[in-house]
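Student: Make a model of this:
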Amino acid sequence: MRGRRILFLVLLIISLIFNAQGTLAEEENLDHSPYETAEYSENDTEVEQFDDNPKDGITNESFDENQAEESVDQNVEVSSEEEILEVQSYVYGQSITLQKGISDSRVIQLKIDLSKLGFHVSDNPNENFGPATEQAVRDFQSYYGLTSNGIADEVTLAKIEEILVSPLQNGGRHEDVIALKENLSRLGFHVSDNPNTAYGPTTTTRVKEFQKYYGLVVNGIGDEVTLAKIEEILASPLQNGGRHEDAIALKENLSRLGFHVSDNPNAVYGPTTTTRVKEFQKYYGLVVNGIGDEVTLAKIEEILASPLQNGGRHEDVITLKENLSRLGFHVSDNPNTAYGPTTERKVREFQLFYGLRNNGIADGITLAKIEELINSPMSRGDYRQDVVDLKNKLAQLGFVVSVTPTPQFGPATEQAVKDFQRYYGLTSNGIAGDTTLNKIDEILSTPFQNGGSHNDVITLKENLSRLGFHVSNSPNTAYGPTTTTRVKEFQKYYGLVVNGIADEPTLAKIKELLNWPYRNGQSSPEVIQIKKNLALVGYHVSNNPNENYGPATEQAVRDFQRDYGLRVNGIYDNPTNEKLIALINEMDTAKFGKVTASVLNIRSQSNTNSTILGNISQNTIVEILSTESNGWYRVKVNGITGYVSGSYIKLVTDPLAGKIIVLDPGHGGSDPGASANGLVEKVVVLDISLRAKKLLEEAGATVIMTRTTDVYLTLAQRSSIGNSSNAHAFLSVHANAFNGSANGTETYWYNTYQSSNSQKLASAIQTATLSKLGLYDRGVKLGNFHVIRETRIPSALLEVGFLDHSGDAAALSKSSSRDRTAEAIRDGFIDYFN
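Tutor: Purely as a prediction, here's the structure:
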């Protein structure tokens with residue numbers, strides 16, 4: 001009977017050791033009693049698998065810890081310590097001591113057992129007891145408080161066996177497991193919300209995590225060292241409810257690290273301290289238990305001892321400053337190893353912006369964030385401080401995103417980056433990576449910008465002057481405000497990005513123009529057509545143009561450039577060509593032109609030797625009938641058809657395009673207005689207005705008539721039409737009458753609405769009418785008439801002439817005079833709008 005008990009106890013030990021290997025799927029077919037001669041089948045006993053509470057995330061759930069650990073013969077009883085000792089003696093044997101130099105089959109199991117206990121010797125253990133085994137034994141002995149001699153003596157083997165048969169390991173069950181789980185949870189290693197006596201895989205995992213975290217040997221067993229460490233931590237006064245002088249220093253240190261506890265710290269470790277410690281632990285990736293344990297205190301000391309804080313000095317500070325500057329938190333133009341107040345302030349700004357603990361120390365979290373940002377190019381969707389710096393730099397280079405830049409990298413920023421990349425020949429992807437940022441910094445560091453100085457600046461100034469952008473009569477090496485202004489003018493004129501910096505595209509354009517094929521001293525077949533085109537607009541070079549671009553061609557180009565507001569350099573560049581071609585195209589489509597000379601002769605032929613038919617004054621509008629090959633125009637003006645030099649005509653194509661004009665023929669219907677010399681005012685002014693409507697529409701205007709037939713409208717109705725029309729101008733047309741002796745033309749305006757524009761309109765209409773009709777000038781006057789007083793757009797009232805004056809009546813009775821009055825109205829509006 002005694003033998004059976006011993007046998008069953010041995011089997012129990014073997015099954016417990018097997019269970020420590022994990023799930024059934026992971027069990028090894030090993031005999032855990034190498035010190036015996038007997039062999040046992042693992043089928044001699046059944047061992048079920050254990051699992052902790054499923055809330056702990058373990059997926060191989062197969063057994064409830066509340067179930068029985070083993071299914072064994074309930075009749076087996078071990079009733080005395082003596083029987084247990086007999087089993088131990090039987091298991092370990094009493095032969096040769098295991099030590100360095102021997103070779104014994106038992107060494108294999110020794111190595112296996114040491115590995116289970118966290119003292120690994122080999123992945124493929126053999127029978128040899130060598131130096132590695134000896135060292136593992138020494139470590140085991142030292143760890144568990146035995147004499148450290150490296151010999152697997154009886155005491156050592158007994159200790160191994162004692163730990164391996166402990167119920168506080170995977171597969172075991174004991175009342176103390178409940179307390180163990182509760183304590184682990186208190187320390188931040190949660191096992192179960194409803195702990196029981198079963199020691200399953202989850203408990204094993206948490207124990208291993210605990211052991212690793214606190215620097216113990218990791219074996220997953222609740223051994224004496226592990227339990228002692230748990231008790232030690234739980235007994236610490238540095239936890240909620242405790243009191244210790246060290247709590248004062250702890251609170252002060254936490255505050256220095258950005259976890260403020262109190263302005264007046266004391267020895268009490270209360271809820272606030274606990275909360276701050278938990279926040280600290282969570283922030284720095286520690287186990288969160290709210291206890292000032294050794295790991296937490298060590299982390300605090302580590303951070304506070306860092307040289308990367310105010311007053312410190314380290315080579316890494318240089319890199320830190322450079323990286324902060326790259327990220328928009330500039331420290332120094334010449335960074336050194338000193339970590340001073342400025343560095344601390346910039347680190348705090350960085351931490352605050354990115355939601356880190358604001359302690360001014362470049363701790364691991366801060367450095368990791370800096371590294372993350374440095375290695376992550378700015379792109380659409382980012383919100384980071386260096387985006388502001390990027391936008392400011394882009395704006396300096398002429399790619400403005402916003403006058404008030406924010407940290408948001410949105411579509412506008414992306415487009416600006418793409419434009420920059422495209423302009424400077426980079427891959428246009430809208431991502432501000434290293435290549436793009438380096439290019440930005442390269443351009444912004446060039447001496448060829450305001451405040452810079454370089455020997456090549458002299459050549460730059462000379463070249464700009466040659467191209468019509470004069471800087472100085474005595475150029476030097478300084479790149480100042482005047483040079484910057486001229487460079488900006490050059491860039492704008494030639495369609496470059498305007499930034500005032502002589503960058504690559506700007507210098508390339510200057511070089512291109514100085515080597516342009518159409519300049520003095522060059523020869524090209526295209527020069528023949530250039531000369532012909534210049535002649536078309538009045539800049540004659542030769543009667544027999546050739547391929548040579550000589551002084552005469554250069555002078556003609558200079559004259560053309562000067563007359564049309566271009567840069568005068570004598571080079572037939574793109575802006576000059578575009579202007580010339582545009583003028584030629586206008587000649588084909590233009591219907592009108594404005595006289596630019598003080599007095600311009602109208603001749604019978606297109607040359608200065610022909611007969612003068614008449615002359616016209618400055619700003620007179622002429623109708624262009626055709627264009628001559630020598631740059632003269634055949635025109636119609638004031639009833640005369642003849643020729644004028646195109647050099648003194650500013651072409652106007654659809655001069656009133658987009659303009660809305662209200663014409664108001666006065667009186668009508670039951671209100672005839674003035675009557676004399678067979679003329680009725682309502683009839684005369686309607687006829688003139690209808691003729692003017694046709695001419696205005698030919699000039700591109702949209703015309704709204706208050707009346708087109710002989711109907712009566714009140715004055716208020718007329719003003720209402722003007723106010724509701726969305727028109728640009730209003731003209732009321734009338735004829736005068738007095739006592740038969742008064743005569744001439746006069747135009748009125750009022751100062752209620754659009755005062756200055758109304759006066760300008762009245763002056764333009766008066767001048768044009770006098771030019772066309774030649775009647776007496778009665779002037780431009782302020783008149784309190786309803787239609788110009790109550791109309792809220794620029795308004796004027798024209799009194800063409802006096803019907804009761806014989807001379808005026810004679811003129812107004814003629815169809816030609818009415819045509820010329822209509823022309824005057826058209827010309828007056830063209831002059832007003834242009």
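
Student: which residue ranges form the helices in the stretch 451-600 of the chain?
Tutor: For the stretch 451-600 of the chain, applying DSSP state H, counting those that start in this stretch gives helices covering 456-466, 481-493, 504-514, 526-536, 551-563, 574-589.

Student: So what pairs up with Gln408 in the strands?
Tutor: The partner list for Gln408 in beta bridges (DSSP bridges) reads Tyr383.

Student: That one against Gln385, yeah?
Tutor: No - applying C-beta atoms under 8 Å, one finds Gln408 not in contact with Gln385, separated by 11.0 Å. In this view, the C-beta of every residue, glycine as well, is placed from N, C-alpha and C.

Student: Can you check which residues contact both of the two?
Tutor: Residues touching both Gln408 and Gln385 by C-beta atoms under 8 Å, 6 or more residues apart in numbering: none at all.

Student: could you measure Phe829 against Asn128, distance?
Tutor: 115 Å (C-beta to C-beta, to the nearest Å).

Student: Check the separation of the first and last residues in stretch 285-304.
Tutor: 17 Å (C-alpha to C-alpha, to the nearest Å).

Student: buried residues in that stretch?
Tutor: 286-293, 295-297, 299-300, 303 (16 or more other C-beta atoms under 10 Å).

Student: Check what contacts stretch 299-319 and list those residues.
Tutor: Contacts of stretch 299-319 from elsewhere in the structure, counted by C-beta under 8 Å, 6+ apart, are 250, 253-254, 256-257, 280, 284, 286, 320, 335-341, 343-344, 360-364, 367.

Student: Please check those and keep the buried ones.
Tutor: 250, 253-254, 256-257, 280, 284, 286, 320, 335, 338-339, 343-344, 360-363, 367.

Student: Sort out for me which of those residues are in helices.
Tutor: Using DSSP state H to define helices, the subset of the buried ones among the contacts of stretch 299-319 located there is 250, 253-254, 256, 280, 320, 343-344, 367.

Student: so which one among these has the lowest pLDDT?
Tutor: Among those, Arg256 carries the lowest pLDDT, at 93.

Student: OK, contacts around that residue?
Tutor: So Arg256 contacts 304, 359 (C-beta under 8 Å, 6+ apart).

Student: From Asn784, how far off is it?
Tutor: Plainly put, Arg256 is 82 Å away from Asn784 if you go by C-beta to C-beta.

Student: same thing with Thr204?
Tutor: 105 Å.

Student: the more surrounded of those two?
Tutor: Summary of the neighbour comparison: Thr204 and Asn784, criterion other C-beta atoms under 10 Å, with Thr204 having more neighbours (25 against 10).

Student: any low-confidence regions in the stretch 551-700 of the chain?
Tutor: Where the stretch 551-700 of the chain drops to pLDDT under 70, the residues are 588-590.

Student: which residues in it form strands?
Tutor: Assigned strands in the stretch 551-700 of the chain, in chain order: 592-595, 599-603, 612-617, 621-627, 632-637, 640-645, 649-652, 660-665, 675-676, 679-680 (criterion: DSSP state E, counting those that start in this stretch).

Student: can you redo those as CSV with distance to Arg106 and mean neighbour count?
Tutor: Output for the strands of the stretch 551-700 of the chain, formatted as CSV (distance: least, C-beta to C-beta, whole Å; neighbours: other C-beta atoms under 10 Å):
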stretch, distance to Arg106, mean neighbour count
strand 592-595, 118, 22
strand 599-603, 127, 18
strand 612-617, 128, 14
strand 621-627, 119, 20
strand 632-637, 122, 21
strand 640-645, 124, 19
strand 649-652, 114, 21
strand 660-665, 112, 26
strand 675-676, 144, 17
strand 679-680, 141, 18
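
Student: Could you export the ones you listed to CSV, including columns for distance to Thr709?
Tutor: Conversion of the strands of the stretch 551-700 of the chain to CSV gives the following (distance: least, C-beta to C-beta, whole Å):
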stretch, distance to Thr709
strand 592-595, 30
strand 599-603, 38
strand 612-617, 35
strand 621-627, 29
strand 632-637, 30
strand 640-645, 33
strand 649-652, 32
strand 660-665, 10
strand 675-676, 19
strand 679-680, 14
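
Student: on that earlier part again, can I get the helices of the stretch 451-600 of the chain in CSV with mean neighbour count and distance to Ala701?
Tutor: Output for the helices of the stretch 451-600 of the chain, formatted as CSV (neighbours: other C-beta atoms under 10 Å; distance: least, C-beta to C-beta, whole Å):
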stretch, mean neighbour count, distance to Ala701
helix 456-466, 18, 44
helix 481-493, 18, 33
helix 504-514, 15, 41
helix 526-536, 18, 29
helix 551-563, 18, 28
helix 574-589, 15, 17
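
Student: would JSON lines of these with distance to Val331 be doable?
Tutor: Compiled in JSON lines, those are given as follows (distance: least, C-beta to C-beta, whole Å):
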{"stretch": "helix 456-466", "distance to Val331": "31"}
{"stretch": "helix 481-493", "distance to Val331": "29"}
{"stretch": "helix 504-514", "distance to Val331": "30"}
{"stretch": "helix 526-536", "distance to Val331": "58"}
{"stretch": "helix 551-563", "distance to Val331": "51"}
{"stretch": "helix 574-589", "distance to Val331": "46"}
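
Student: Quick one: closest of those helices to Asn266.
Tutor: helix 481-493 (64.0 Å; C-beta to C-beta).

Student: got the contact list for the closest one?
Tutor: Contacts of helix 481-493 (C-beta under 8 Å, 6+ apart): 398, 449-450, 457, 460-461, 464, 467, 469-472, 496-502, 506, 509-510, 567, 575.
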